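Engineer: Sequence and predicted structure below; questions after.
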Amino acid sequence: MWKVEVNEKLCKRCGICSTFCPVKVFTCKIDGLPVHTYQEKCTGCNLCVLRCPDIALTLTGGKE
C-alpha cells in the first residue's frame with residue numbers, strides 16, 4: 001500500500017496535492033492541511049509529490 005506523508009512544517013496548505021491527485025485520496029483538515037485519507041485508492045503515481053511547491057510530501061510503500 002502506498003503512503004503519502006505530509007511534513008506539516010513545510011506545507012503551506014495550498015491544496016495543489018489534492019487538486020492534482022487523479023484518484024482523490026486526500027481530504028483537508030480545517031486549517032487546510034492535506035490528509036492522505038484513502039490510502040487504499042492511491043496508485044503511487046507521485047503527482048502530489050511532483051507538484052508540491054514546498055517539497056512537503058514523501059511517497060513510500062508500494063503494492064503488496
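Structural biologist: That came through fine. Residues are numbered from 1 along each chain as shown.
Engineer: Excluding chain neighbours, what is closest to Cys17?
Structural biologist: Cys48 (3.8 Å; Cβ to Cβ, 6 or more residues apart in numbering). Placement of C-beta: from N, CA and C, glycine included.
Engineer: The one you found contacts Ala56, correct?
Structural biologist: No - applying Cβ atoms under 8 Å, one finds Cys48 not in contact with Ala56, separated by 9.8 Å.
Engineer: Tell me which of those two has more neighbours.
Structural biologist: Ranked by neighbour count (other Cβ atoms under 10 Å), Cys48 and Ala56 place Cys48 first, with 24 against 21.
Engineer: quick one: secondary structure of the more buried one?
Structural biologist: For Cys48, the assignment made with DSSP: H, G, I helix; E, B strand; the rest coil gives helix.
Engineer: Return stretch 40-52 as CSV; C-alpha atoms alone will do.
Structural biologist: C-alpha atoms of stretch 40-52 as CSV (Å, rounded to 0.1, in the frame of the first residue of the first chain):
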residue,chain,number,x,y,z
GLU,A,40,-6.2,2.1,-0.4
LYS,A,41,-7.1,4.1,-3.5
CYS,A,42,-3.6,5.5,-4.0
THR,A,43,-1.9,4.3,-7.2
GLY,A,44,1.6,5.7,-6.4
CYS,A,45,1.6,8.0,-9.4
ASN,A,46,3.7,10.5,-7.5
LEU,A,47,1.8,13.5,-8.9
CYS,A,48,1.2,15.0,-5.5
VAL,A,49,4.9,14.9,-4.6
LEU,A,50,6.0,16.2,-8.0
ARG,A,51,3.5,19.2,-7.9
CYS,A,52,4.1,20.2,-4.3
